[in-house]
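K.L.:
the following block contains a protein sequence and its predicted model.
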Amino acid sequence: MCEMSAPARVLVALVTALVTIPLVGSAAGSVAAFDDTGFTVDAGAAFGVPRRGVGEVVNKVVVIGIDGLMFDKADVAQAPRLRRLAAQGLLSQGTVAGHITISGPSWASALTGVWDTEHGITGNEFDASPFLAHPSVFTRIERADSTRHTVSIGTWHQIATIAATGDRRADLALTTAPVVDDPDESATDAATATEVVSAIERSGPDLVFTHLDQIDLAGHQHGGASRAYLAAIRRVDGLVGQIVAAVDQRAHAHPREQWTVLVTTDHGHLPTGGHGGQTPAETANFVIARGPDFIPGTLSSAHTLVDLTPTVLDLLAAPPGRLDGHSIRARPTSGDER
């Protein structure tokens, strides 16, 4: 997420106003050994395959933002759920070279569809003002159809800043309260994932965005080449599995619902830790798109985080406006997909 430890935060729920709600999570795994995942993955995390909706189809989207993940480390870390998810749809391993490799600018780009050169955010401290000129994906969806149910649930508090701005905003924006005695953020991320699963099961929102932070923290504390970084990837891999399993179970129980899962990151990490520069390790980016509209096994280098908002808007039939990114559903023009 950032170069400094996260400040004490509370769970923030925003419907049209802020409401504080405690979010309880287990602290299991918070002091896990470097070579251990730190917790036992629920058997339900063994997700299935994407389902095409039947009848009068209603599209639904889950976007999983994994802070500081270099996707090529997923193989090294033996992260089977991320690899399976990628194999079930499109995997683009691209670069954000030329743009700021810091969480604030990058997540703002992912959630607005415009680069830092447009929205003007250069660091991790920002307010709502940039999103008045450059509306978030939540605002654009709510403007197009106020009956849509949009949700943001994240470990980093600035995700809620983005989701809760504009004349139309996310119906619900939660920031997970830091779990006590959780130095690696594994328990806090687990609480975030638990709330995401609950939201999917409970109401099947049209858009869910979630942010998981512990991989970035491991990169800062131990380096992108460390065993701690790989262990954090394995833990997050389990959380991704739980979220996707909830999506698949929901789709099975509600055949009209057609779910797409998108996954991305904000930046990479230096081997010794840190980011913000323009080395390949810091600018590495990826996008996974898994759903009925994406051909399994598609590989690309053409798509990055800035394409997330246009893709969500395309899936939910909302006007995109003028954006820097492009929908991943469109036919590729670069010739590099296969």
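P.N.:
Cool, got the structure.
K.L.:
just the helices from the protein, written as ranges.
P.N.:
In the chain, the helices defined using DSSP state H lie at 73-76, 80-87, 103-112, 116-119, 130-133, 137-144, 157-163, 186-203, 214-222, 227-253, 280-283, 308-315.
K.L.:
out of those, which gets nearest to Pro50?
P.N.:
In terms of Cβ to Cβ, the element of the helices of the chain nearest to Pro50 is helix 227-253, at 7.7 Å. C-betas here are computed from N, CA, C, even on glycine.
K.L.:
quick check: angle from the closest one to helix 80-87?
P.N.:
Computed with axes from the mean of the first three to the mean of the last three Cα atoms, to 10 degrees, the direction of helix 227-253 lies at 60 degrees from that of helix 80-87.
K.L.:
list the buried ones in helix 227-253?
P.N.:
Along helix 227-253, these residues count as buried under the neighbour rule (16 or more other Cβ atoms under 10 Å): 228-251.
K.L.:
related to what we said a few turns ago, pick the most buried one from the helices of the chain.
P.N.:
Mean neighbour count (mean count of other Cβ atoms under 10 Å) peaks for helix 103-112 among those, with a mean of 27.
K.L.:
roughly how far is that helix from the heart of the chain?
P.N.:
Taking Cα atoms, centre = their mean, to the nearest Å, one finds the center of helix 103-112 at 11 Å from the center of the full chain.
K.L.:
what packs against that helix?
P.N.:
Packed against helix 103-112 by the contact rule (3 or more Cβ pairs under 8 Å, 6 or more residues apart in numbering; DSSP states H and E) you find helix 116-119, helix 130-133, helix 137-144, helix 157-163, helix 308-315.
K.L.:
dump the ones you listed to CSV, plus mean pLDDT and distance to Met70.
P.N.:
Formatted as CSV, these follow (pLDDT from 0 to 100; distance: least, Cβ to Cβ, whole Å):
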stretch, mean pLDDT, distance to Met70
helix 116-119, 98, 20
helix 130-133, 96, 27
helix 137-144, 98, 25
helix 157-163, 97, 21
helix 308-315, 98, 18
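K.L.:
figure out which of those helices is closest to Asp67.
P.N.:
Between Asp67 and the helices and strands packed on helix 103-112, the shortest separation by Cβ to Cβ is 9.8 Å, and it involves helix 157-163.
K.L.:
which other helices and strands contact the closest one?
P.N.:
In this structure, helix 157-163 packs against strand 12-14, helix 103-112, strand 150-154, strand 172-175, strand 207-212, with contacts taken as 3+ Cβ pairs under 8 Å, 6+ apart.
K.L.:
what's the closest of the ones you listed to Pro319?
P.N.:
Taking Cβ to Cβ as the criterion, Pro319 comes closest to helix 103-112 out of those, the separation being 14.3 Å.
K.L.:
could you check how far Asp324 is from Thr210?
P.N.:
Relative to Thr210, Asp324 is positioned 23 Å away (criterion: Cβ to Cβ, to the nearest Å).
K.L.:
so which of the two has more stuff around it?
P.N.:
Per other Cβ atoms under 10 Å, whichever of Asp324 and Thr210 has more neighbours is Thr210, with 27 against 18.
K.L.:
looks like the more buried one contacts Ser198 (just checking).
P.N.:
No. The pair Thr210 and Ser198 does not pass the contact test of Cβ atoms under 8 Å, sitting 11.7 Å apart.
K.L.:
now do the same contact list for the residue of the chain most remote from its centre.
P.N.:
Distance to the chain centre peaks in the chain at Gly55, reaching 29.3 Å (criterion: Cα atoms, centre = their mean). The contact partners of Gly55, by Cβ atoms under 8 Å, 6 or more residues apart in numbering, come to 255-256.
K.L.:
kindly report the same for Thr101.
P.N.:
Taking Cβ under 8 Å, 6+ apart as the criterion, Thr101 is in contact with 266-268, 275-278, 282-283.
K.L.:
now Asp206
P.N.:
By Cβ under 8 Å, 6+ apart, the contact list for Asp206 reads 58-61, 141, 148-150, 316.
K.L.:
not counting its neighbours along the chain, what's nearest Gly291?
P.N.:
Counting by Cβ to Cβ, 6 or more residues apart in numbering, the nearest residue to Gly291 once its immediate chain neighbours are dropped is Thr260, at 3.2 Å.
K.L.:
confidence score at that neighbour?
P.N.:
Looking at Thr260, its pLDDT is 98.
K.L.:
wait, doesn't it sit right on Val62?
P.N.:
Yes. Counting by Cβ under 8 Å, Thr260 does reach Val62; the two are 7.5 Å apart.
K.L.:
still on that earlier bit, from His254, how far out is the residue farthest from the centre of the chain?
P.N.:
Shown here: Gly55 relative to His254, a distance of 11 Å by Cβ to Cβ.
K.L.:
CSV please, covering the contacts of Asp206 and showing distance to Ala190.
P.N.:
Putting the contacts of Asp206 into CSV (distance: Cβ to Cβ, whole Å) gives the following:
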residue, distance to Ala190
Val58, 29
Asn59, 28
Lys60, 23
Val61, 23
Ile141, 28
Arg148, 28
His149, 24
Thr150, 23
Leu316, 28
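K.L.:
for PyMOL, what selects the buried ones among these?
P.N.:
What follows is the PyMOL syntax selecting those of the contacts of Asp206 that are buried according to 16+ other Cβ under 10 Å:
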select buried, resi 59+60+61+141+148+149+150+316
